[in-house]
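> coordinates only, sequence not included:
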């Protein structure tokens, strides 16, 4: 792996620790895109990937609910929004107990 790719991944990892799913997606894109950026002067210095990997908005919210036996539960809900440049954000909400912020960032990033 080229040093420029390693440096980029290290900077993303520093800003997004403990998010392995998201880092996996960013690594795959960086390995494909950085060589293209480096070979095309017009894209250099514009921080294209740095802008792509940072969501415009991340919304975390609580979802209180009552089960059939009357017990109250509180779960987390997430929505990660990457780019509104061409209209409404793509994607939805996720409520499954196994979902975390890393997975939502991964799912949103792979839609870019």
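Ah, there it is. Because the structure is a prediction, the values reported are computed rather than measured. Residues are numbered from 1 along each chain as shown.
> for the residue sitting furthest away from the middle of the chain, helix, strand, or coil?
The centre of the chain is farthest from one residue, residue 69, which by CA atoms, centre = their mean lies 36.8 Å away. Secondary structure, DSSP: H, G, I helix; E, B strand; the rest coil: residue 69 is coil.
> all numbers from here: first residue = 50
Renumbered: residue one is now 50, and that last one reads residue 118.
> and it, what are its phi and psi?
The phi/psi pair for residue 118 (degrees, to the nearest 10) reads phi -90, psi 0.
> thinking residue 130 is in contact with residue 137, fair?
No. Contact criterion CB atoms under 8 Å: residue 130 and residue 137 do not qualify, at 9.3 Å. Yep, even glycine has a C-beta here, placed from its N, CA and C like the rest.
> what residues are up against the nearest residue to residue 93 once chain neighbours are set aside?
Distance criterion CB to CB, 6 or more residues apart in numbering; nearest residue to residue 93, sequence neighbours excluded, is residue 86 at 6.3 Å. Going by CB atoms under 8 Å, 6 or more residues apart in numbering, residue 86 touches 92, 93, 97, 98.
> now the third one, what are its backbone angles?
This means residue 97. Dihedral angles (degrees, to the nearest 10) for residue 97: phi -60, psi -50.
> now for it, how many residues are close by?
For residue 97, the neighbour count with other CB atoms under 10 Å is 14.
> and the closest residue to it other than its chain neighbours, how far is that from residue 77?
Ranked by CB to CB, 6+ apart and with sequence neighbours excluded, the top spatial neighbour of residue 97 is residue 86, at 6.4 Å. Per CB to CB, to the nearest Å, residue 86 is found 15 Å from residue 77.
> what of residue 95?
21 Å.
> and residue 144, by the same measure?
Residue 144 is 27 Å from residue 77, by CB to CB.
> what's the helix or strand for the nearest residue to residue 140 once chain neighbours are set aside?
Nearest residue to residue 140, sequence neighbours excluded (CB to CB, 6+ apart): residue 157, at 5.7 Å. In the assignment (DSSP states H and E), residue 157 maps to helix 150-158.
> which residues are contacting that helix?
Residues contacting helix 150-158 (CB under 8 Å, 6+ apart): 65, 67-75, 78, 101-102, 104, 107, 109, 127-131, 140, 143.
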